[in-house]
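Trainee: Any chance you could fold what I've pasted below:
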Amino acid sequence: MHGFLKKCYHRSFSLYLFQTYEQGKNLKRIHYMSNITTALKVLDARKVKLVNINPSDVVDGKPSIVLGLCWTIILYFQVS
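Mentor: Below is the predicted model:
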């Protein structure tokens, strides 16, 4: 019986850790979205031309959007 309870405890603890990890991951996404939104607002205030760039695309790591954003920032500050 003790072995069975030990296995159940490990399973429930593993499930708890996984759920906590998933909740933490969702909270991190909210913070990432907030940070990217702030950064895009700063760029918009500096009159950097941002076309089709959403914070969710940057947080999701879509390569074409992220590379386009990097290239836009480089060109803007190199020309300025």
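Trainee: all helices of this protein, in order?
Mentor: Using DSSP state H, the helices of the chain run over 2-45, 55-60, 63-79.
Trainee: Where does the prediction get shaky in the protein?
Mentor: Applying pLDDT under 70 to the chain picks out residues 1-26, 80.
Trainee: Residues touching stretch 48-59, excluding its own?
Mentor: Contacting residues not belonging to stretch 48-59 are listed as 29, 32-33, 36-37, 40, 43-44, 65-66, 68-69, 72-73, 76 [Cβ atoms under 8 Å, 6 or more residues apart in numbering]. Placement of C-beta: from N, CA and C, glycine included.
Trainee: filter those to the buried ones?
Mentor: If you count burial by 16 or more other Cβ atoms under 10 Å, the buried members of those come out as 36, 40, 43, 65, 68-69, 72.
Trainee: Export the residues you listed as JSON lines, with columns for distance to L50.
Mentor: Below are the buried ones among the contacts of stretch 48-59 laid out as JSON lines (distance: Cβ to Cβ, whole Å):
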{"residue": "I36", "distance to L50": "12"}
{"residue": "L40", "distance to L50": "6"}
{"residue": "L43", "distance to L50": "6"}
{"residue": "I65", "distance to L50": "10"}
{"residue": "G68", "distance to L50": "9"}
{"residue": "L69", "distance to L50": "8"}
{"residue": "T72", "distance to L50": "7"}
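Trainee: so what's V66 closest to, chain neighbours aside?
Mentor: Computed as Cβ to Cβ, 6 or more residues apart in numbering, the closest residue to V66 that is not its neighbour in sequence is V58, at 6.0 Å.
Trainee: ditto for M33
Mentor: Spatial nearest neighbour of M33, excluding adjacent residues (Cβ to Cβ, 6+ apart): P55 at 5.1 Å.
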